[in-house]
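Trainee: Dropping a prediction and its sequence here:
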Amino acid sequence: MTYYAQGDWTVAENSLVGQDFVATNTTAQHALGTIVRAKHVTYGTGEFIYLAGVASCAEGSWVTYNLDDGSTTLLAANAIGPVALAMAATTASYYGWFQISGKALGKGLTSLASNNRVWITSTGGSVDDASVAGDGVNLAKTASAIHTPATGLAEFEISRPFVDDKTSFS
């Protein structure tokens, strides 16, 4: 299911974007690691990074990514590194855009509530608001309950989130 429609996001700077934010492609359309800002009529301004996909990556999946080679891994316990949310089902052998700041849509578990910190779960690529020592997602918080605006998704406020496997937020 694709929640965002083609063209919902408009580039907010002098950049040429050859691949829509909700599209995937088997051939890279941009240099991996390219970052652009864009605007959405409902969600405001956000930042996006162009990365390679990973197996089982669905729209809204949370991933960690490697700046050296543009690879991604579904967010999992004890992860370390920068975090992004998939704009589309960017599975292995595909390339696409991932959101790194602004109001974003992401996968969450059934108990997720609004205005809480975000924590890694045992379900790869999903988060929850239940505290798990060492697995907090820094610079991310819930902005809606789960299933808002669509089944399995919630709204989040993110500002270049990262995970560091520490036992508490600093």
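Mentor: Now that the structure is in, tell me what you want to look at. Residues are numbered from 1 along each chain as shown.
Trainee: where do the strands sit along the chain?
Mentor: 9-11, 35-40, 44-52, 62-65, 72-74, 81-86, 95-107, 117-120, 127-128, 136-142, 153-163 (DSSP state E).
Trainee: Tell me the buried residues in stretch 145-161?
Mentor: Within stretch 145-161, the residues that qualify as buried by neighbour count (16 or more other C-beta atoms under 10 Å) are 145-146, 148, 152-158, 161. For glycine as for every other residue, the C-beta is placed from the backbone atoms N, C-alpha and C.
Trainee: no, scratch that, I was asking about stretch 115-129
Mentor: Residues 117-121, 124-129 are the ones in stretch 115-129 that count as buried (16+ other C-beta under 10 Å).
Trainee: now stretch 41-60
Mentor: The neighbour-count check on stretch 41-60 (16+ other C-beta under 10 Å) flags 43, 46-54, 57-60 as buried.
Trainee: just stretch 18-33 next, same as before
Mentor: Judged by neighbour count (16+ other C-beta under 10 Å), stretch 18-33 contains these buried residues: 19-24, 28-30, 32.
Trainee: Ok, stretch 107-114 next?
Mentor: Across stretch 107-114, burial judged by 16+ other C-beta under 10 Å covers 107-109, 112.
Trainee: And the buried residues of stretch 18-33, which two are furthest apart?
Mentor: Largest separation among those by C-beta to C-beta: 22 and 32, giving 18.3 Å.
Trainee: related to what we said a few turns ago, could the strands of the chain go into a markdown table alongside mean pLDDT?
Mentor: A markdown table is the format used below for these (pLDDT from 0 to 100):
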| stretch | mean pLDDT |
| --- | --- |
| strand 9-11 | 70 |
| strand 35-40 | 91 |
| strand 44-52 | 95 |
| strand 62-65 | 98 |
| strand 72-74 | 98 |
| strand 81-86 | 98 |
| strand 95-107 | 96 |
| strand 117-120 | 95 |
| strand 127-128 | 95 |
| strand 136-142 | 96 |
| strand 153-163 | 97 |
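Trainee: Next, count neighbours for the closest residue in space to residue 48 that isn't next to it in sequence.
Mentor: Leaving aside its chain neighbours, residue 48 sits nearest to residue 97 (4.5 Å; criterion: C-beta to C-beta, 6 or more residues apart in numbering). Neighbours of residue 97 under the rule other C-beta atoms under 10 Å: 29.
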